[in-house]
Each structure stands twice: as C-alpha cells, then as structure tokens.
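[1] Here is the input, now give the coordinates:
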Amino acid sequence: MLTVCIEIEFKSISSLNWNFFLNRYYSIKMKPYLFILLIISALGSMGQTGPAGVGMNTGSSALKLWLDADYGVYTDTNLTTIAKIGDRVKCWKDLSGNKNDVFADSDSTKPTLNGNSPLNKSNAIRFSRNENSQNKRNSLSSKSFSKTSDITIYCVFHALTKSEGNNITPFKSTTYVPNMWYAGSGLVDGGANGLVNDISMAFCDTSIAAGGGDSTTKTDYCVKTPASLNKTYFATLQKEAWNGKLSIAQNGGIPAEYDAGAQPINNSTKYYIGSNSNLTSANVSQFFDGYIANVLAYNRLLNTAEKVILENYLSAKYNTTLLSNDFFKFDDAEAGNFDHELIGIGKALDGSVQQVAKGEGILEISSRNDFDKGSYVFIAHDGKPLNFLASDKPYGVKSKLERQWVCSIVGNTLKTDLLIDPSLFPNIAKEDLVLLIDTDNNGKFSDEKLGEGMIPVSELSNHGRFAFHGVQLNHGHKFTFAILEKPCLSGCETYFTPDGDGLSDLYYLEQSGKTTIYDRSGKLIKSIATPAYWDGTSEKGEVVAPGIYFLITNDDTQRTVTLIR
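    As a prediction, the model looks like this:
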C-alpha cells in the first residue's frame, strides 16, 4: 500500500507579480476571492514547483530555463506590457527563477504571439523568416547562460517548412560544413559563435539535431533523429560531460546517441531561442519557420523517473503522442481533457525516483512510502474555473468547485493525505471544507456520502494546513473540493433544540434500519436502530455541541439536521 501526501496551497496575491498573474489568468472571469485559488507560489511550498514538479521555479534547482508561451510574454524589455495575441514579442520571461529572460535582438524581426497554434491550441511563439537575406535571425536570446557539466534540454515545437541541412548522422567536423547541426534552423542553443564547447538543438531538413562542441579538439559533433513537418514534437537533448555522450530524442522515443567531446559546457554565453546561429546567410531556409511553445533547460541529466513524469506532462499539455511510457490517458477528449498542470511522482524500472511534486497548480503530492519499480501517480485537472457552484452536490454541501481533478495510477494502489493552506480564507473553518470524490465513477458527486466520497478535514497540520488523512484515491477517480452548509440558527426546517423546554427536544428518525450520526468533522457520534428519536447525545450519553450533523440510514440515505441549544 502506497501512502501519498497531496497539498493544496493558497498564498497571498500581494506577494506575487500582479502583471504575471493577470497575464496567466486573464481569460478566467470570476470574483476576486474565488480566483485567488488559482495563485501558485513557491514560498512555503514543500514540493517542487517546476513543470510537473521536476525542479523548482525559485532558481534553487537544476531548472535553469523555463519558457512557456501561455504566460510571461511581453512587448517590451521592461516586462510591463503583456503581449496580446498577434503582438510582436520583445521579451519571453524565464519562469525558472534564474532571470534568464530571452529578448529579441535589435537586428531581428521580432516573433509574434499566436493564441490558436497547432500545439493543442496553446499559446506559442511564431518565428518567421526575414525577407532580407542579410538579416534572418528572428531569434530571442538571454543575457547569460548557466554553465554546466551535464545538461538536459526540452523544446516543444511545430515546424511549417523545411530548413537547410540534411539528414546525415552522426557527423563531426573541425570546420563549418552544411552537414553540421548549426546549418539547420535553430530551436534552442546555449552557445557562442565559433567552434567552442556549446550545445544546441535544431531542426534540419526533416530531422531534429543535437550538436555539441569540444574546445580542446576544436571539433563539433552532431546526431539526428527523423522528424516531419506540420507535426508537434517535444525534443529532448542530453549531454554528459564525463563520457561525452550526446543524445537526441523526439516524443519520448529511443534516443539517437553519439560519443562527442567529454567536456563541460562552460564557454557558452547565451541561450538562443529560434536560431542556433547568429550568422547571416544568403540562404533563407537556414532559419526556423514555425512555432515554439515551451523550452526547458536543466543543468544536470534528469533521471528516468523525472523524464517519464515530465514527458507525460508535455504530452498532455500539447496533445503529442508519447512513443514510450505513455501512462496518463485522461488527456483525451473522451476522457474529459484532463490535460492541465499535470504533476507526478513515482519510481522508474531502473530505480530512479521522483518523491514530491507541486508543479504550477494548487495541488501537491508526495510519497510517504517507497514505490514499487514501475509505479507512478499522476494528477491533472480539466482547466475549468475555480468557481463555487451550487449544483451536483451531496446533502449538507453548500457549493463545490467547478474544476475537477483526476488521479491516474500505474502500479500499486494509493492512499493520500491532502493538505490545504487556509490563510486567505479566514471565514472558512476547517469544519467547513470537504474533499469530494466520485467513488463510483458515475460522473456525479451528489450521491456521495460522508466518510466515503465526502471526506472532512482531519486536523490542522503542524504547517498550519488543513489535513485530509488516509484518503483512498483509485485509478480514474475524479475529485474536487466543497464547502459545507453553515449550521442553521433560526427559521430552520430541519432542526431540533434538545434543551429540556418540551419544544423540539427530540429528532425523529422514521426510516427503518440503522442510522449513524456524524458531526461536521466526520467524527462518529452515535449509531441508532430506527425508527427512533435522537435526543442530541453521543454514544456515551454526553450532550453534543450545537451544529450541523449528518445522519446516514442503511448506508444509502443521507440527510442533515441542525442541533440548536
């Protein structure tokens, strides 16, 4: 049995960049106190806040560059004017916390922000070739590069036309030749002009290419894997310094590998996006023509478990088909399009592990126990707003979130602890919040019962969070969160007042069978053989506190009653 901890975190909006918040969530319209739920924050979080929970977005991990066209795109270099669809892009903000923002060069035609791209209709940066044969760079570049011994780079792109170069692979050279990686149109480059030990990913003809240079031998190396036009890919480059192994893969497939120079990548000066060369060319087809939606660079080799989780995240987000380890299946339309903010934990067959993940959203999941090899837990949501609705709710629930999450499990079963930071919700006591699970997978929450699919908060944790302990989430379970009805204090239709005044001192339970009574925290108060009267006492004969109580008869009928004194 695997025990997992899930956290939901609500943080102060004043501690975040307001423009960043609006840029990311401008399309969601709701009341301010509700859309606060959307905010992500690394402050105080125990889980990793990078994509899918791989790395941190605070600059404190191996994640050194994170570009996502869904947010962080600006029309100025001061990051004050958020780009709208169709605007020219001057800056693409680095979300990794390392401030490796990339900017349009002054001699480049700025790319544009596209909002209905072929990449699952996500935002993407549209790179077009310049018409002037002496000025074709149309790229974005950073001010610096994080030097490293090993590196892992991901790029999500969609090429529209062919580029210069060919599909000869592998290849090495001490001079510039058309077969080299830099002769193709660039995607991501950590480099400087010339034969230095830089690193690059490019699209050449109908191949994705990885290139690396060895400064000690002044040799450049490249290795390629086949790719097609008008198709969305995420390409993965890895380079190891100690043995020089250079690899390139597409959509999680088997990588093409080559033994390149065994040198650290420490002479590179900038990250380039959209072109891996700052040379001009008389050949228009040298430079990239298409869309780039996401770029990730880590200054270490990601382990197998991290790659599996990250690649399922990219596959769900951009609707790409994984060629291996395609574990998360709920991103398809018929499964509900649960392709947003996927996070995951697990252990790969080689024993590598990712133990904790928070990602971009409000959920955090972590393992309390060791995984079996080949076991993973994934959680993603359907992208709906975080509005509270008064529909499809069980008895005793006032409203529930419109957004739903789904749990996908590979391997061993799952029990969860779920924690919520309530600091921005002073009017919501821990007794007011419940987790709703569609335990029978019938597509509705209204038939869930307390203690089964309706889980109250267990306690206030030592981190000040509301904790749900020992929750059973199975593969395919959908869940959301809800607020309970407030206890009725006057004018109540379903209430009684066991105060000995002879008026409404008893509550009649007319249905035959066994009725169990729970308080709002889920604590069992009493079991009664019915029909019978409840006098407002517990199993021990103690007088219970005023409040709302849940009465479940024969495990299939649930009602609420308010006890007033």
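[2] Which residues are in contact with the spatially closest residue to residue 63 that is not a sequence neighbour?
    With sequence-adjacent residues excluded and distances taken as CB to CB, 6 or more residues apart in numbering, residue 63 is closest to residue 55, at 3.1 Å. To be clear about C-beta, it is placed using only N, CA and C from the backbone, and glycine gets the same treatment. Neighbouring residues of residue 55 by CB atoms under 8 Å, 6 or more residues apart in numbering: 48, 61-63, 66, 96, 298.
[3] how much space between residue 55 and residue 157?
    21 Å (CB to CB, to the nearest Å).
[4] Same check on residue 390?
    44 Å.
[5] Between the two, which has more neighbouring residues?
    More crowded of residue 390 and residue 157, by other CB atoms under 10 Å: residue 157, with 28 against 9.
[6] Tell me which residues of the helix or strand hosting the more buried one come out buried.
    Taking DSSP states H and E as the criterion, residue 157 maps to strand 151-159. Within strand 151-159, the residues that qualify as buried are 151-159, counting by 16 or more other CB atoms under 10 Å.
[7] for stretch 143-152, same thing?
    Across stretch 143-152, burial judged by 16+ other CB under 10 Å covers 145-146, 148, 150-152.
[8] Distance to residue 287 and pLDDT for these - can I get that in a markdown table?
    Output for the buried residues of stretch 143-152, formatted as a markdown table (distance: CB to CB, whole Å; pLDDT from 0 to 100):
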| residue | distance to residue 287 | pLDDT |
| --- | --- | --- |
| 145 | 21 | 86 |
| 146 | 25 | 83 |
| 148 | 26 | 89 |
| 150 | 29 | 93 |
| 151 | 23 | 94 |
| 152 | 25 | 97 |
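[9] Distance to residue 552 added to those, as a markdown table?
    Below are those laid out as a markdown table (distance: CB to CB, whole Å):
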| residue | distance to residue 552 |
| --- | --- |
| 145 | 62 |
| 146 | 57 |
| 148 | 58 |
| 150 | 57 |
| 151 | 57 |
| 152 | 52 |
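[10] from those, which is closest to residue 267?
    Distances from residue 267 to the buried residues of stretch 143-152, taken as CB to CB, are shortest for residue 145 (9.1 Å).
[11] what about that closest one, distance to residue 157?
    Distance from residue 145 to residue 157, by CB to CB: 20 Å.
[12] Can you list the low-confidence ranges for the stretch 251-400 of the chain?
    By pLDDT under 70, the low-scoring segments of the stretch 251-400 of the chain are 276-286.
[13] one step back: please name the strands paired to the strand holding residue 157 in the sheet, noting orientation.
    Strands that pair with strand 151-159, judged by DSSP bridges, come out as strand 232-239 (antiparallel), strand 290-298 (antiparallel).
[14] Would you reformat these as TSV and include distance to residue 209?
    Below are those laid out as TSV (distance: least, CB to CB, whole Å):
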stretch	distance to residue 209
strand 232-239	9
strand 290-298	15
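[15] closest to residue 368 out of the ones you listed?
    When the strands paired with strand 151-159 are compared (using CB to CB), the closest one is strand 290-298, at 26.5 Å.
[16] Off-centre distance for that closest one?
    16 Å (CA atoms, centre = their mean, to the nearest Å).
[17] Please renumber the chain so that the first residue is 200 from this point on.
    Taking 200 as the first residue, the last one we looked at is strand 489-497.
[18] following that strand, which helix or strand comes up?
    helix 503-517.
[19] Next, the angle from that next one to strand 431-438.
    160 degrees (axes from the mean of the first three to the mean of the last three CA atoms, to 10 degrees).
[20] Report the buried residues of stretch 401-416.
    Buried, per 16+ other CB under 10 Å, within stretch 401-416: 401-414.
[21] go on, stretch 546-557?
    546-547, 551-557.
[22] ok, now stretch 257-275?
    Buried-residue list, stretch 257-275, by 16+ other CB under 10 Å: 257, 260-268, 270-274.
[23] Just the ones of those in helices?
    Of the buried residues of stretch 257-275, none are assigned to helices by DSSP state H.
[24] Closest to residue 628 out of those residues?
    Closest approach to residue 628 among the buried residues of stretch 257-275 (CB to CB): residue 257, at 31.5 Å.
[25] mind checking how far that closest one is from residue 487?
    31 Å.
[26] Could you tell me which ranges of the stretch 600-749 of the chain sit under the pLDDT cut-off?
    If you take pLDDT under 70 as the line, the stretch 600-749 of the chain has these spans: 612-613, 620-625, 686-692.
[27] can you give me the strands in it?
    In the stretch 600-749 of the chain, the strands defined using DSSP state E, counting those that start in this stretch lie at 604-609, 613-619, 632-636, 653-655, 658-659, 665-671, 677-683, 694-695, 706-718, 723-733, 746-752.
[28] again, but for the stretch 250-399 of the chain
    262-267, 272-273, 290-291, 301-303, 311-313, 323-326, 339-340, 350-358, 370-372, 384-390, 398-403.
[29] Show me how the protein divides into domains.
    The chain breaks down by automatic domain parsing into domains covering 254-500, 509-683, 694-762.
[30] Show the contacting residues for residue 729.
    Here residue 729 is in contact with 708-714, 752 (criterion: CB under 8 Å, 6+ apart).
[31] Tell me which two of those residues sit farthest apart.
    Longest span within the contacts of residue 729, CB to CB: 709 and 713, 13.6 Å.
[32] Between these two, which is the more surrounded one?
    A direct count of neighbours by other CB under 10 Å for residue 709 and residue 713 places residue 713 higher, at 13 against 8.
[33] Ends of stretch 529-541, what's the gap?
    Distance across stretch 529-541, first residue to last, is 11 Å (CA to CA, to the nearest Å).
[34] Name the surrounding residues that touch it.
    Against stretch 529-541 from outside (CB under 8 Å, 6+ apart): 251, 319, 511-512, 514-516, 518, 527-528, 558-560, 562, 577-582, 603-605, 607, 675, 677.
[35] 6 Å instead?
    For stretch 529-541, contacts defined as CB atoms under 6 Å, 6 or more residues apart in numbering pick out 251, 512, 515-516, 558-560, 577, 579-582, 605, 607.
[36] For those, give me CSV that also has distance to residue 762 and neighbour count.
    Supplementary listing: those in CSV, determined by distance: CB to CB, whole Å; neighbours: other CB atoms under 10 Å:
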residue, distance to residue 762, neighbour count
251, 46, 28
512, 48, 28
515, 47, 26
516, 49, 25
558, 42, 26
559, 43, 23
560, 38, 22
577, 42, 29
579, 41, 29
580, 37, 24
581, 38, 19
582, 41, 14
605, 37, 24
607, 41, 24
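[37] would a markdown table of those residues with distance to residue 641 be doable?
    Supplementary listing: the contacts of stretch 529-541 in a markdown table, determined by distance: CB to CB, whole Å:
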| residue | distance to residue 641 |
| --- | --- |
| 251 | 30 |
| 512 | 28 |
| 515 | 24 |
| 516 | 28 |
| 558 | 29 |
| 559 | 30 |
| 560 | 26 |
| 577 | 22 |
| 579 | 21 |
| 580 | 19 |
| 581 | 17 |
| 582 | 22 |
| 605 | 14 |
| 607 | 18 |
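[38] Pick the one among those residues closest to residue 463.
    For the contacts of stretch 529-541, the nearest to residue 463 is residue 251 (27.1 Å; CB to CB).
[39] Assess the claim that that closest one and residue 508 are in contact.
    Yes - contact criterion CB atoms under 6 Å: residue 251 and residue 508 qualify, at 5.1 Å.
[40] Next, show the common contact partners of these two.
    Between them, residue 251 and residue 508 share the contacting residues residue 543, judged by CB under 6 Å, 6+ apart.
[41] For the stretch 550-699 of the chain, which segments count as helices?
    Secondary structure of the stretch 550-699 of the chain (DSSP state H, counting those that start in this stretch): no helices present.
[42] All good on my end, thank you.
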